[in-house]
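Peer 1: sequence below, structure please.
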Amino acid sequence: MRRAFGALAPEQRLAGACAIGLFVTMFLPWYTRDTTAVVGGRLQTVGSTLMAWKAFSFVEAAILLVAVGVLALLFARGERKAFHLPGGDGLVILAGGTWVALLVFYRLLDNKTGATSAFQKVDYGVSWGIFVTLLCGVALAYAGQRLRQARLSEPPLPGEGPTAVDRRPRRETRRPRPPTETPPPDMGGDPPTAATSIAPMGRPAARPDIDGGTQLSFDEQE
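Peer 2: Residues are numbered from 1 along each chain as shown. Here you go, the predicted structure:
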């Protein structure tokens with residue numbers, strides 16, 4: 001376990017610490033129980049506190065399952081186990097922390113019901129330990145969000161390369177088109193021929209001969 005914990009990223013260690021804290025809070029006093037009864041002809045009230053283990057129900061079982069599941073997930077990642085979860089590890093841990101917070105909030109609104117008989121009356125309330133559990137659930141959700149933003153690479157499955165949990169849309173990069181050669185504008189003369197249109201690089205274009213290659217001077221014309 002020490003080797004697996006050392007192989008985790010800081011965001012994963014934060015999620016592991018929140019899961020451990022969530023498990024530890026189940027040993028704190030969650031509920032108060034006040035028992036009122038007639039003892040020796042006098043009405044007496046005896047108060048006590050209950051841990052989550054002593055008042056185990058669906059809520060406590062679901063919170064325990066989230067804490068153990070997150071720890072098992074992080075231990076497998078520390079051992080470099082290859083598997084992929086829908087949405088990535090960060091989304092799963094974020095959903096687990098949010099679920100814990102909702103369960104605790106539900107328990108605060110709908111507390112355990114007591115019992116009343118001809119001899120005694122039992123009333124239940126909440127204690128400070130359940131508020132610590134609520135804070136641990138919120139912290140676990142925050143750690144899951146941090147893990148989502150980190151986009152850590154997951155161990156590859158057999159036959160595939162390492163993958164990173166990156167759900168951001170990718171922008172397509174357009175390559176610039178190479179410049180195309182355009183012919184010179186037509187100035188009203190004859191269309192350029194193959195010999196005179198494009199001159200080779202480094203050589204001036206040859207001028208066409210005028211009147212058969214001869215030019216008369218004014219003396220020869222007289």
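
Peer 1: what packs against the lengthiest helix in the chain?
Peer 2: The helix that spans the most residues within the chain, counting by DSSP state H, is helix 128-150. Applying 3 or more Cβ pairs under 8 Å, 6 or more residues apart in numbering; DSSP states H and E, we find helix 128-150 packed against helix 10-24, strand 29-39, helix 58-78, helix 89-109. Just so you know, the C-beta spots here come from the backbone N, C-alpha and C atoms, and that holds for glycine as well.

Peer 1: which one, of these, ends up nearest to residue 139?
Peer 2: helix 10-24 (4.6 Å; Cβ to Cβ).

Peer 1: give the buried residues for the closest one.
Peer 2: 11-12, 14-16, 18-19, 21-23 (16 or more other Cβ atoms under 10 Å).

Peer 1: which other helices and strands contact it?
Peer 2: Packed next to helix 10-24, using 3+ Cβ pairs under 8 Å, 6+ apart, are helix 58-78, helix 89-109, helix 128-150.

Peer 1: for residue 4, which of those helices is the nearest?
Peer 2: helix 58-78 (2.8 Å).

Peer 1: just the angle between that closest one and strand 29-39, please?
Peer 2: Relative orientation of helix 58-78 versus strand 29-39 (axes from the mean of the first three to the mean of the last three Cα atoms, to 10 degrees): 150 degrees.

Peer 1: what about residue 82, distance to residue 75?
Peer 2: 14 Å (Cβ to Cβ, to the nearest Å).

Peer 1: which of these two has more residues huddled nearby?
Peer 2: residue 75 (15 against 12; other Cβ atoms under 10 Å).

Peer 1: surely that one and residue 7 touch.
Peer 2: No: using Cβ atoms under 8 Å as the test, residue 75 is too far from residue 7 to be in contact (10.1 Å).

Peer 1: what's the spacing between residue 99 and residue 33?
Peer 2: Residue 99 is 27 Å from residue 33, by Cβ to Cβ.

Peer 1: I meant to write residue 13 there.
Peer 2: The value you get for residue 13 to residue 33, if Cβ to Cβ is used, is 37 Å.

Peer 1: show me what contacts the closest residue in space to residue 96 that isn't next to it in sequence?
Peer 2: In this structure, residue 96 finds its nearest non-sequential neighbour in residue 66, 4.4 Å apart by Cβ to Cβ, 6 or more residues apart in numbering. With contacts defined as Cβ atoms under 8 Å, 6 or more residues apart in numbering, residue 66 is in contact with 19, 22, 96-97, 99-100, 140.

Peer 1: next: residue 43.
Peer 2: Contacts of residue 43 by Cβ under 8 Å, 6+ apart are 36-37.

Peer 1: try 10 Å this time
Peer 2: 36-37, 121 (Cβ atoms under 10 Å, 6 or more residues apart in numbering).

Peer 1: just residue 3 next, same as before
Peer 2: 78-79.

Peer 1: A helix includes it, no?
Peer 2: Yes: according to DSSP: H, G, I helix; E, B strand; the rest coil, residue 3 belongs to a helix.

Peer 1: how near is it to residue 79?
Peer 2: From residue 3 to residue 79 the distance is 8 Å (Cβ to Cβ).

Peer 1: still on that earlier bit, got a markdown table for the helices and strands packed on helix 10-24, with mean pLDDT and distance to residue 27 too?
Peer 2: A markdown table is the format used below for these (pLDDT from 0 to 100; distance: least, Cβ to Cβ, whole Å):
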| stretch | mean pLDDT | distance to residue 27 |
| --- | --- | --- |
| helix 58-78 | 92 | 12 |
| helix 89-109 | 93 | 16 |
| helix 128-150 | 93 | 8 |
